[in-house]
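**Q** Model the structure of this input:
(2 chains)
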Amino acid sequence: MTHSAVAHHTSMGLDSRKMAFWTFIGSECLLFGTLISTYLIYKGKSVVGPYPHEILNIPFTSVSTFDLLLSSLVMVLALAAVQRGDMKWAKIWLLSTALLGLVFLGGQVIEFTEFVHKGLTLQTNLFGCTFFVLTGTHGAHVAVGVLWLLTLWVRAVQGKLGPANAMTVEITGLYWHFVDVVWIVIFTVVYLIQ
Amino acid sequence: MFAATTMLIAVPTGVKIFNWIATLWGGDIHGTTALHFAVGFIAMFIIGGLSGVSHASPPADLQQTDTYYVVAHIHYVLFGGTIMGLFAGMYYWWPKMTGRLLSEPLGKLHFWLQFVGMNLAFFPMHLIGLLGMPRRIYTYGPELGVSDLNLVSTVGAFLIGLSILVFVFNMWRTSRHGQRASNDPWRGATLEWSIASPPPVYNFSVIPTVTGRLPRWHTERHPAIQDPPAVPPAPIHVPGGSWWPMVAALGLPIMALSALTHTLWIVFVGVAVLLFGIYRWAFEPFEV
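**A** Alright, predicted model coming up:
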């Protein structure tokens, strides 16, 4: 991250770090694929409540979803700013992306707390078990992303991030958009299609 | 169904055995310790395969299930197959890994002790099982008539133990007084023998261009490749050394051990160590 190394190209003409990151995203697809499949397989199989339709708050989560979508847009602006060397706006957009991620995490904390108060925990039923593991894993990914973005922001403030490191920001963006896309799938599958 | 799948697995196993024999046929055979183990492996594995395919007959399988017969079978496959194969690999690649050749006389002593030991230990188990001794039960009455065969097995097991001690002694002796290995002590056909023993950190000073399956041998179709030069003609990129992967790896056993003892706060310490290691690792220079 610190070192603006010469880009090493693979035989596909792609920077090897980017290639490796796409491979990582592929393995993440498998991870979330299994968790989403598990959720769908056990959907409607809970023998005790609370059931999804009693507890899921679509308007509240829609706001979280919008927040996360907005953060993806801001991430694109951050990358564009870094690429053209406009570090003032790069700092603003990187910090904004991280803050929007934090807002999403805050929403998840509020949601989980409310569910636990209504009696839904990891041990309650199949819905609780599969729901918390799926959305919790996604939340952990957002948390890693926020940490990553804040690290980039600190490096930008220190003046150690510039157009030479645009690839680093681009890869961060890949991760962030991927986490966002996964949330779109979770929001659709878990919340909208009940 | 069980009979059919048991019969079926004999087909790829048989193909593998012919692969190994064909590999020997195409090779350049010397009576080294590694070859002793390789041939011992094929022979023992065939015995394990034959006793295995006998499970495909349901009436025979009924008699064999959960007796010492299957213990004999699995040991011919796993000990005769895997362990002998592992030792063949050890003796073969030891000079490449460490730069010193394991002692051949000690190696052959190891092989013969282990070979005789494993056959004494595991072959009688076929008979013990067919005579009715169940597996996973260590006691038996004298009236069962398996005492003598079990004694033979025990003697064999101690021979195997002795052979491993010979190997341990051989490793220790080699590390002190072992003969230095050249690049290619076996006249090997494959690329690892074209570089120094032990290999330099960058492995190949120049990426070799391979045209045949036995690149270092002159065959009818392909000439032997040139060995790469000992000194790299151009600087080679090598990843920089870093301690942070070790720190990250340390976090995992902390997590696992504390989870086993149900101490949640130490699990979180482990997670913190792991994440901190990964985080600092990300800041290491990409290359040196």
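**Q** Centroid-wise, who is the farthest residue in chain A?
**A** A:Val47 (31.5 Å; Cα atoms, centre = their mean).
**Q** per-residue confidence for the nearest residue to that residue once chain neighbours are set aside?
**A** Leaving aside its chain neighbours, A:Val47 sits nearest to A:Asn125 (6.8 Å; criterion: Cβ to Cβ, 6 or more residues apart in numbering or on different chains). From N, CA and C alone the C-beta is placed, and that goes for glycine too. pLDDT recorded at A:Asn125 is 92.
**Q** next one: A:His3
**A** We note a pLDDT of 41 for A:His3 in this prediction.
**Q** List the buried residues of the lowest-mean-pLDDT helix or strand in chain A.
**A** Across the helices and strands of chain A, mean confidence by mean pLDDT, DSSP states H and E is lowest for helix A:52-55: a mean of 87. Of the residues in helix A:52-55, A:52, A:55 count as buried by neighbour count, 16 or more other Cβ atoms under 10 Å in any protein chain shown.
**Q** B:Val155 versus the residue nearest to B:Leu131 when sequence neighbours are not counted, what's the distance?
**A** Closest residue to B:Leu131 apart from its sequence neighbours, by Cβ to Cβ, 6+ apart: B:Val146 at 5.5 Å. B:Val146 sits 15 Å away from B:Val155, taking Cβ to Cβ, to the nearest Å as the criterion.
**Q** So the two - more neighbours on which side?
**A** B:Val146 (21 against 14; other Cβ atoms under 10 Å in any protein chain shown).
**Q** Spit out the contact partners of the residue nearest in space to the middle of chain A.
**A** With distances taken as Cα atoms, centre = their mean, the residue of chain A nearest its centroid is A:Val179 (3.1 Å). By Cβ atoms under 8 Å, 6 or more residues apart in numbering or on different chains, the contact list for A:Val179 reads A:138, A:141-142, A:145.
**Q** in the helix or strand containing it, what's buried?
**A** Assigned by DSSP states H and E, A:Val179 belongs to helix A:166-186. Judged by neighbour count using 16+ other Cβ under 10 Å, the buried positions of helix A:166-186 are A:166-176, A:178-180, A:182-183, A:186.
**Q** same check, this time on stretch A:58-73
**A** For stretch A:58-73, a neighbour-count test (16+ other Cβ under 10 Å) marks A:61, A:64-65, A:67-68, A:70-72 as buried.
**Q** tally of neighbours for the residue of the stretch 51-200 of chain B at minimum distance from chain A?
**A** Nearest residue of the stretch 51-200 of chain B to chain A: B:Leu191, at 19.8 Å (Cβ to the nearest Cβ). B:Leu191 has 16 neighbouring residues, counting by other Cβ under 10 Å.
**Q** That one reaches B:Trp217, doesn't it?
**A** No - using Cβ atoms under 8 Å as the test, B:Leu191 is too far from B:Trp217 to be in contact (11.6 Å).
**Q** Show me where chain A dips below the pLDDT cut-off.
**A** Judged by pLDDT under 70, chain A has its weakly predicted residues at A:1-12.
**Q** same thing but 90
**A** Confidence mapping of chain A against pLDDT under 90 gives the ranges A:1-17, A:43-55, A:159-165, A:193-194.
**Q** Now do the contacts for residue 81.
**A** Since you didn't name a chain, this refers to chain A. A:Ala81 makes contact with A:87, A:89-90, A:93, according to Cβ under 8 Å, 6+ apart.
**Q** should've been chain B
**A** B:41, B:44-45, B:48.
**Q** same thing but 10 Å
**A** B:Gly81 makes contact with B:13, B:16, B:41-42, B:44-49, B:74-75, according to Cβ atoms under 10 Å, 6 or more residues apart in numbering or on different chains.
**Q** and B:Ser51, how many neighbours does it have?
**A** 23.
**Q** so which helix or strand takes in it?
**A** Here B:Ser51 is assigned to helix B:33-53, by DSSP H and E.
**Q** swap in A:Lys91?
**A** Judged by DSSP H and E, A:Lys91 forms part of helix A:87-117.
**Q** Give me the helices and strands touching that helix, please.
**A** Counting contacts by 3 or more Cβ pairs under 10 Å, 6 or more residues apart in numbering or on different chains; DSSP states H and E, helix A:87-117 packs against helix A:52-55, helix A:58-83, helix A:126-157, helix A:166-186.
**Q** Buried ones in that helix, by neighbour count?
**A** A:87, A:90-105, A:107-108, A:111-112, A:115.
**Q** With stretch B:214-221 instead?
**A** So, applying 16+ other Cβ under 10 Å, buried residues of stretch B:214-221: B:214-217.
**Q** now, which of the residues you listed sits nearest A:Leu56?
**A** B:Pro215 (62.0 Å; Cβ to Cβ).
**Q** Need the nearest residue in space to the closest one, chain neighbours excluded.
**A** The shortest distance from B:Pro215 to any non-neighbouring residue, by Cβ to Cβ, 6+ apart, is to B:Ile225 (4.8 Å).
**Q** What of B:Gly89?
**A** Per Cβ to Cβ, 6+ apart, closest to B:Gly89 is B:Ala34, 7.7 Å.
**Q** ok, now how distant is the closest residue to chain A within the stretch 1-150 of chain B from B:Thr190?
**A** Proximity of the stretch 1-150 of chain B to chain A (Cβ to the nearest Cβ) peaks at B:Met1, 26.3 Å away. For B:Met1, the distance to B:Thr190 (Cβ to Cβ) stands at 42 Å.
**Q** Work out for me the element B:Trp281 sits within.
**A** Following DSSP H and E, one finds B:Trp281 within helix B:264-282.
**Q** can you give me the angle that helix makes with helix A:166-186?
**A** 140 degrees (axes from the mean of the first three to the mean of the last three Cα atoms, to 10 degrees).
**Q** For helix B:264-282, name the packing helices and strands.
**A** Taking 3+ Cβ pairs under 10 Å, 6+ apart as the contact cut, helix B:264-282 packs with helix A:126-157, helix B:244-260.
**Q** want to throw these into CSV with mean neighbour count and distance to B:Ala121?
**A** Formatted as CSV, the helices and strands packed on helix B:264-282 follow (neighbours: other Cβ atoms under 10 Å in any protein chain shown; distance: least, Cβ to Cβ, whole Å):
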stretch, mean neighbour count, distance to B:Ala121
helix A:126-157, 19, 47
helix B:244-260, 15, 34
